[in-house]
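Enquirer: got a sequence here, can you model it:
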Amino acid sequence: MCKLNHPSSSQRQQGFTLVELLVVMAVVAVLASVAVPSLQKFVTNRAVTARADELASSLRLARSEALKRGGAVSVCASGSPQAANPACSGAADWAKGWLVFTDSNLNGAIDSAQGEQVLATHVPQASVKSLVAKDGAGVARAFTGFHPNGIAAAGSAVFTIEPNISSSDSGYAAAHRRVEHNLQGRVQVLAGL
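Expert: Below you'll find the model as predicted:
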């Protein structure tokens, strides 16, 4: 007589059944569909905040260099910050980058004949859709400068940084940043529109 050996419950193979695997995959898919948009908003928010902090640092650098050097220093929008000889664009679109430079005549242009020199350059970021500067009256600005005493040459300025996300996105308004400097040259970064 032949006896069949059936494994006892302690000897059975351990593992997942197909149904258990499908349930786990469904749960992971649901969690991913919730987490990915939140992660994208977080990454965009951080990138825009970093850009705002970078611009604020440039404005602070310009003011401190004006005080230190005893001469005017400006920050201007540039369409070619990575060029061998970068130049101010003369346009109010700062999203393509900007320059910090000595500006003895405060005309918002680098005059090498005057001995003006670039102190720092900043390149564009994909996370920023637009970066626009306006004065206190809402007029677009291509540059802002500081006198040797640290006072803003053309008054206050507001830089609005728009994130590179859809305006219908729920986090669109909150992802905006504003960088402002007052007449005394004090700089602050603000969240939202």
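Enquirer: which SS class is the residue most central in space within the chain?
Expert: The geometric centre of the chain, computed from its C-alpha atoms, lies nearest to Arg51 (CA atoms, centre = their mean), at 2.3 Å. Of the three states, Arg51 takes helix according to DSSP: H, G, I helix; E, B strand; the rest coil.
Enquirer: quick one: the strands in the chain?
Expert: Counting by DSSP state E, one finds strands in the chain at the ranges 73-77, 98-102, 118-122, 128-135, 143-146, 157-163, 177-181, 187-191.
Enquirer: nearest to Leu55, out of those?
Expert: The minimum distance between Leu55 and these falls on strand 177-181, with 4.9 Å, by CB to CB. Every C-beta, even on glycine, is put in place using the N, C-alpha and C of the backbone.
Enquirer: contact partners of the lowest-mean-pLDDT helix or strand in the chain?
Expert: Using mean pLDDT, DSSP states H and E, helix 172-175 stands out as the lowest-scoring helix or strand of the chain, at a mean of 78. Contacts of helix 172-175 with the rest of the structure, by CB atoms under 8 Å, 6 or more residues apart in numbering, involve Lys41, Thr44, Asn45, Val48, Pro163, Ile165, Ser166, Ala191, Gly192, Leu193.
Enquirer: of all pairs in these, which one spans the longest distance?
Expert: Comparing every pair within the contacts of helix 172-175 by CB to CB identifies Ser166 and Ala191 as the most remote, at 18.9 Å.
Enquirer: neighbour-wise, which of those two wins?
Expert: In terms of neighbours (other CB atoms under 10 Å), Ala191 is the more surrounded of Ser166 and Ala191; the figures are 14 against 10.
Enquirer: specify the beta-bridge partners of the closest residue to the more buried one other than its chain neighbours.
Expert: The shortest distance from Ala191 to any residue other than its chain neighbours is 6.1 Å, reached at Arg177 (CB to CB, 6 or more residues apart in numbering). Residues in a beta bridge with Arg177, per DSSP bridges, are Ile161, Ala191.
Enquirer: what's the burial count for Arg177?
Expert: Once other CB under 10 Å is used to define contacts, Arg177 is seen to have 26 neighbours.
Enquirer: surely it and Arg51 touch.
Expert: Yes: because the distance of 7.4 Å satisfies CB atoms under 8 Å, Arg177 is recorded as touching Arg51.
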